[in-house]
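Peer 1: Any chance you could fold what I've pasted below:
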Amino acid sequence: MTEGTIENSEGESEEPLVRKVEKEEPKDKVMELQKQLEDVVRQKAESEKKAADYLDRLKRLQADMENIQKITKRQLETVTSQASERLVLKLLPSLDALRQAVKIANSADSLPRDEIAVGLRMLQEQLAQVLETEGLEEIPAEGEALDPELHEVVSYVETDEKPENMVLEEVRRGYKLNGKVIRPSLVVVSKKPRGLKEQTSP
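Peer 2: Got it, this is the predicted structure:
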């Protein structure tokens, strides 16, 4: 009997043990690779399922967002429309009064100037009250110190009777709406005379 062989009961020699083990190894490797492939396929399927789930969720979120935007837009349009309607209703009496004033002015019956002035003043106060209820407020100007955020200078007047940068005259009134400046006042501002500036300078 040679080394590495086994005889069976009939005295015949069998394949060497080393060769038998070598034959079994490829079968084990194939099974291992097959298992790894199955794991990869399973992981791929799970990943695809998760990706499809995430995509579906994303699409739902996108649809929900679009619906929210549409609803918000409609609500904003409704609120804006209602606010405009409320303001117009408040302004209608002033419009009626103006129409009546134009009618009287065009009629043969002429009113005294003081009565016209009183009527116009009442109309102005009525209109101002309506706008105040909507958050409008006048910006103080004349006699105030110049504030670049509230006042826009149209010209300067040299004077030594008033402090420098004081508003001497309001050319056009400015307004705030709910605390925000929507139109600055146009103003004339005091300025030291040139000669006085030269004397006071060191």
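
Peer 1: Would you mind splitting this structure into its domains for me?
Peer 2: 14-134, 137-202 (automatic domain parsing).

Peer 1: Make a markdown table out of those and add mean neighbour count.
Peer 2: Just so you know, the C-beta spots here come from the backbone N, C-alpha and C atoms, and that holds for glycine as well. Shown next, in a markdown table, are those (neighbours: other C-beta atoms under 10 Å):
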| stretch | mean neighbour count |
| --- | --- |
| domain 14-134 | 11 |
| domain 137-202 | 14 |
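
Peer 1: Would you single out the least confident of the ones you listed?
Peer 2: The minimum mean pLDDT among the domains of the chain belongs to domain 14-134 (a mean of 83).

Peer 1: How far off centre is it?
Peer 2: Distance, stretch centre to chain centre, for domain 14-134: 12 Å (C-alpha atoms, centre = their mean, to the nearest Å).

Peer 1: repeat for stretch 131-150
Peer 2: Mean-position distance between stretch 131-150 and its chain equals 26 Å (C-alpha atoms, centre = their mean).

Peer 1: Tabulate the CA atom coordinates of it in CSV.
Peer 2: C-alpha atoms of stretch 131-150 as CSV (Å, rounded to 0.1, in the frame of the first residue of the first chain):
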residue,chain,number,x,y,z
LEU,A,131,-57.3,105.8,7.7
GLU,A,132,-56.3,106.0,11.3
THR,A,133,-58.5,103.0,12.1
GLU,A,134,-56.5,101.1,9.4
GLY,A,135,-53.2,101.9,11.2
LEU,A,136,-52.2,105.1,9.4
GLU,A,137,-50.5,107.8,11.4
GLU,A,138,-48.9,111.1,10.5
ILE,A,139,-45.2,111.7,10.9
PRO,A,140,-44.4,114.8,13.0
ALA,A,141,-42.3,117.2,11.1
GLU,A,142,-42.4,121.0,11.7
GLY,A,143,-40.4,122.0,14.7
GLU,A,144,-38.8,118.5,15.0
ALA,A,145,-35.2,117.6,14.7
LEU,A,146,-34.3,116.1,11.3
ASP,A,147,-34.6,112.3,11.3
PRO,A,148,-33.4,110.8,8.0
GLU,A,149,-35.7,107.8,8.6
LEU,A,150,-38.8,110.0,8.8
